[in-house]
Each structure stands twice: as structure tokens, then as C-alpha cells.
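Novice: Model the structure of this input:
(2 chains)
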Amino acid sequence: MKALPSSLLWFAPTVFGAHALAYAVVQLLPDPINAVLGLQSGSNEARRALLEAQPVRTYVHTLTDLLRGHLGTTRDGVPVGQELARALSASAPRLAAAVALISAAVLVIAFLPRRRLAGAHAMTAALTFLPPFLAPFLMLWLYIESQAAAGTAADRLSWWLCTFSAALPAMAFASMQAALIMGRNLELPFARTIKAAGATESRIRVRLTHHLIGEMAPTLEKLGIGLFTALLFAEPAFGEDGLGSLTLRAVRRSDLDLIVALVAAMAAAIALLRVVSAATRSSYGVQTL
Amino acid sequence: MSRILRLIPLVLILGFAPFNSAADQNPWAAPELLHPLGTDEFGRDALLTLLIASARSIALGTSLAIGVTAAATLFAYWLVFRSGRFGGAALLSLIQVVESIPVVIWVLAAFSATGAGSKSVAGLVFFIAMLPFATAIAAGEFWRLRKRPFVEAALLAGIGGCRLLQRHLVPNATSVLLPLLVQIVGLAIMIEGATGLLGFTNRTDLDLGVVLLRGKENVGAHPALLVSVLAAFAVIFLALRSAQRALSRRDRLDPTPA
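Specialist: From the prediction side, this is the model:
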């Protein structure tokens, strides 16, 4: 099957499958009424009032609402769509900057001198091994210790450190892949031949960067998942609003509608990355899955 | 390799024995001869705490990683060599759905559902959530190997599934399976710390993720704790890489007599 039509075909089943799976999992969560009402959860009147305000929805009801574009309401009574939009608008610039940092790291690796590639691979492999919450911890320490952290500059510094710590795990993974692929491709007969024909090192690297993009395309979804995972730790660590902080809040408060909507949104983003990956590979003539 | 193998009994003893670094000292005591790293906030010997926490994390992480990789290898074999058209499509669709959500979210939801202390449930959820990811990687490698002449010849000769896995697939897929195993060990170690961030773990737990979390909390006044955990992570990573490199040599796992 051709990769691009196939990935487009899988888009809806992936999103609805993840939505159904998340709905099944959140049914296992402890009674959300206890989390919302706290000490008042023992009062039958308070429980009845909450259930009237926020009735429990069946899966069919949830699915019908999703198809209508209604994602439910949070425990605070705010529409989930509104919360998601607010979090997405807070995270979007951070995600864009993180993607730029990852791309820059891959490009730097692509043009690294040959003798440095093995070292870069070893170093980035070690970074990949570290837990994704380590970078936010270290950046936060750096931020607290920083003498420059004052006034407007402090906000900007905090934003950039948060973005960098969110990007670091995915950046390390992408750089590790790039070093491995570039090191291998430099030994290909094609690369040796054009070098023997008089191509400069930078010319060879530019040519091989296309191979690199084509070969790294399937890891796009892994990078996306890595980025989301790191956001879960980076945003709460720096007290920044966004998708990561919202997800942690949803899990902590057993906010069923919010968890299901967030999972569906993440699945949609990952399915979209799969389509982008397939499109990239198709543009290089790779058609198989 | 033999040096690493010699460490296994130590990891097993420290990792599974009911040891505890006794809290009979003053909190945050300075390093001395008997306590080279001093003590932590609970008055426990910091070096012994770090050793036990590292060994437990390695034991738990390695057990989970070996389990996930072994199960993924079997699923990948079934997917590539045995599944019919619909069975393969069903498994692939399930992999795509589960893989589209970060593992940490599944584990956090499980911790939230079962409450603090349900490590076995979190481990089980981690296993289930990692399985599709590992299966997809192993299946990719097996699909590549399936087209190789020696595998085709073995299949035509009517080789059994176990024999095919043991003689041809696993030894030739180590370059993919072993780095995957190391990556899963790292993820398994971080799960404890991740759940600790939500307040689900006990700060006295002897686990590297939790010690790392405490290191972050006390970094201002006692940075040595965080630095020592980072050093422990570096040592574990180097040891796993050495083991990976030693095992990656094909002849180590090749059962064919020389």
C-alpha cells in the first residue's frame, strides 16, 4: 500500500481509537466527585448538585458530542475546547521554538566534521538515556541561581529555559539519529564516488542532507511524542501555562472530559506527524510503509 | 564483559534484598571516613542510599526492559511471519493507537487510578504501553531480515519458529534490539521520578528516580545529592553501553558451533 494514502486513511481510526481507549482508561480513575468536592463529597446534596451540573456521559454520548465538535466541560465548568485552545496558544510558540532548535541541532550534526560524528553520537545517546524531567530541573536550578534573572529579562529567560528543557530530549534523540545516519551515509559508494569526482565536503553534505531527511522522516512521530512528554515536566516546573501543565492538572484532578480530549488531541497531532512523515518520504520517492 | 557480569550478583543482592540504609545519623551530616558522601535529609548514609537506589532501579528497569523486549520480539515474529492479512492489520492498528499517546500519560493515569504505592500496576501499565513501541521497532528489523537470502533459505527448508528466532533473527537483530533495551531501561528508571512529581511516591523510597527528585528539591542547599545521582546515571549508562557493545558482537549470540 502506498504510504501517504495509507497514513491519511489511518488518521481517523487512530484519533477515534485513542479517544475510545482513553475513555476506557479514565473509567478506572477514582470517583472524580471526591476530587472535586473534597471534604464536601460526603454530602449527598453536594454530590447530587454536582451530578446535575456535570452529568456523567456515556461513551456514545461523548462520541456524538465529539463529532459535533463539543468536547465537554472541565471540573471548573469551563468548556474543554476553550481550555484546550488556551493551552495550545500558550504552548504553540514554545513548540515552534523547540522544533526550530531540533532542526538546528540536526543541521549542525549534518555538517559536523567526520571525526566528530562518533563522539556526537555517543554524547547524544547518553543524553537520550537521561530522564526527560532532568533537563527542566537543571534549567530551573540555573534560572534560580542566575543573577541576571530580574524584571522582564527574567520572564524571557524563564520562557527560553523552559523551551530548551522541553526540546532537549527530542533534540538529543534527533541528533543521535542524525549522527548515526550521516556517519553511515558518508561511507556509501555514492558519497565516495562524488568525492573522488571532486565534490567538496560541503557539497557532499548538502547532498547527503536529503538522504538524512528522508531517513529521519519515520522518526517524526517519536520526536513529537518526546516533545509532548518533555512538556509535561518542563511547563509545570517553570509554572508556565500550556498543554503540559493542563495535562498534569487533568490527571491530578481526574478531569475525565479534559483527559479524553487531551488524549484525542495528542493522537491527532501524532497522526498528523505520520502523514507529514509519509508525505516527506513520498517526495523522495519512498512509497512503502 | 566479564567485569560487567561480575557486577550482576551485587545488583541482585542490593536490588532485591530487604536492605535499608539505616537512619541513625544526623540529617545532612558532612562527609567523613565512615560516610564518604555524608547523610541525606533522613539521616541515612548518602552513598549506601545511592548504591541501593541504583541497584533497585537497575534491577527493576532491566527486568521490565527484558520482559518488554522479549514479548516484543515474539509479537514481531508473529506479525512478520505468522499473522494473516487481517491479524497483521489488526495488530498494526492497535500499535498505531497505543503508540500515539506518550507512555508517561498512561502510567500517570494508572497511578492516579490506583493510588500511591501501586508500583506493580504502574509496572504492568508501563509494560503494556511500551510493548507496541518495541514491537514496531522489532517488526521493522524482522521485515528487513525476512528478505535476506539466509532467512528465505531457512524458511524454505521448513525451519521451526523457535529455531528461526534463535539462529537467525535474534542474533542478526541485536544491533536494533540491544539499543532498544537500553532505552527501555532508561525509561523504566525515570517512571518512578515522573510519578514522584505528581506526589504519588514516598520521598523515603530507595529508587533512583525518587532520589533524583529529592536532589532537585534540595539542590539549593545540598547540590551534592543531585550531582551524585547524575554520576550514578552516567555510570549506569556506561555499564549498559559496555554490555550492549559486548553483546552486539554477533558471535556472542550465534549458537552455530565454530
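Novice: And A:Leu71, its phi and psi?
Specialist: Dihedral pair for A:Leu71: phi -100, psi 0, per degrees, to the nearest 10.
Novice: Pull the number of nearby residues for it.
Specialist: 22 (other Cβ atoms under 10 Å in any protein chain shown). Where you see a C-beta, it was placed from the backbone N, CA and C, and this is true even at glycine.
Novice: ok, for it, nearest residue in space, not its chain neighbours?
Specialist: Computed as Cβ to Cβ, 6 or more residues apart in numbering or on different chains, the closest residue to A:Leu71 that is not its neighbour in sequence is A:Val80, at 3.9 Å.
Novice: what do you get for A:Thr209?
Specialist: Using Cβ to Cβ, 6+ apart and skipping residues adjacent in sequence, the residue nearest A:Thr209 is A:Ala110, 5.1 Å away.
Novice: Tell me how far A:Ala90 lies from chain B.
Specialist: 19 Å (Cβ to the nearest Cβ, to the nearest Å).
Novice: residue nearest the centroid of the chain?
Specialist: No chain in the question, so chain A it is. Nearest to the mean C-alpha position of chain A, by Cα atoms, centre = their mean, lies A:Phe228 at 2.7 Å.
Novice: wrong one, I was asking about chain B
Specialist: Nearest to chain B centroid, counting by Cα atoms, centre = their mean: B:Val185, 1.9 Å.
Novice: Is the residue nearest to A:Leu71 in contact with A:Leu66, as I believe?
Specialist: No. Using Cβ atoms under 8 Å, A:Val80 is not in contact with A:Leu66; the gap is 10.3 Å.
Novice: Would you map the helices across the stretch 151-258 of chain B?
Specialist: Ranges of helices within the stretch 151-258 of chain B are B:161-164, B:170-197, B:208-217, B:223-248, B:250-253, based on DSSP state H, counting those that start in this stretch.
Novice: Which residue is it, in the stretch 51-200 of chain A, that comes closest to chain B?
Specialist: Residue nearest to chain B within the stretch 51-200 of chain A (Cβ to the nearest Cβ): A:Pro131, separated by 3.2 Å.
Novice: Provide a list of residues in contact with that residue.
Specialist: B:Gly186, B:Ile189, B:Met190, B:Gly193, B:Ala194, B:Gly209, B:Leu212 (Cβ atoms under 8 Å, 6 or more residues apart in numbering or on different chains).
Novice: coming back round to it: now do the same for the residue nearest to the centre of chain A: its pLDDT.
Specialist: The confidence metric pLDDT takes the value 91 at A:Phe228.
Novice: Once you drop chain neighbours, what's closest to it?
Specialist: Take A:Phe228 and drop its neighbours on the chain: the residue closest to it by Cβ to Cβ, 6+ apart is B:Pro102, 5.3 Å away.
Novice: burial of the one you found, as a residue count?
Specialist: If you count neighbours by other Cβ under 10 Å, B:Pro102 ends up with 24.
Novice: Check whether it really touches A:Thr229, as I assumed.
Specialist: Yes. B:Pro102 lies in contact with A:Thr229 (Cβ under 8 Å); the separation is 4.5 Å.
Novice: picking that back up, who has more neighbours out of A:Val80 and A:Leu66?
Specialist: Neighbours were tallied for A:Val80 and for A:Leu66 using other Cβ under 10 Å; the higher tally belongs to A:Val80 (24 against 18).
Novice: Distance of that one relative to A:Val25?
Specialist: The gap separating A:Val80 from A:Val25 is 17 Å, by Cβ to Cβ, to the nearest Å.
Novice: B:Asn218 too?
Specialist: B:Asn218 is 35 Å from A:Val25, by Cβ to Cβ.
Novice: do B:Glu99 as well
Specialist: Distance from B:Glu99 to A:Val25, counting by Cβ to Cβ: 15 Å.
Novice: cool, B:Leu230 as well?
Specialist: Distance, B:Leu230 to A:Val25, by Cβ to Cβ: 34 Å.
Novice: What pLDDT is listed against the residue in chain A sticking out farthest from the centre?
Specialist: In chain A, counting by Cα atoms, centre = their mean, A:Ala197 sits farthest out from the average C-alpha position, at 42.7 Å. For A:Ala197, the model assigns a pLDDT of 90.
Novice: now A:Ala12
Specialist: Per the predicted model, pLDDT is 84 at A:Ala12.
Novice: A:Gln54 too?
Specialist: 66.
Novice: Which part of the stretch 101-250 of chain B gets nearest to chain A, residue-wise?
Specialist: Closest point on the stretch 101-250 of chain B to chain A, by Cβ to the nearest Cβ, is B:Met190, at 3.2 Å.
Novice: ok, A:Ser283 to A:Leu8 distance?
Specialist: For A:Ser283, the distance to A:Leu8 - Cβ to Cβ - is 15 Å.
Novice: can you check B:Val210 too?
Specialist: If you measure B:Val210 against A:Leu8 using Cβ to Cβ, the figure is 44 Å.
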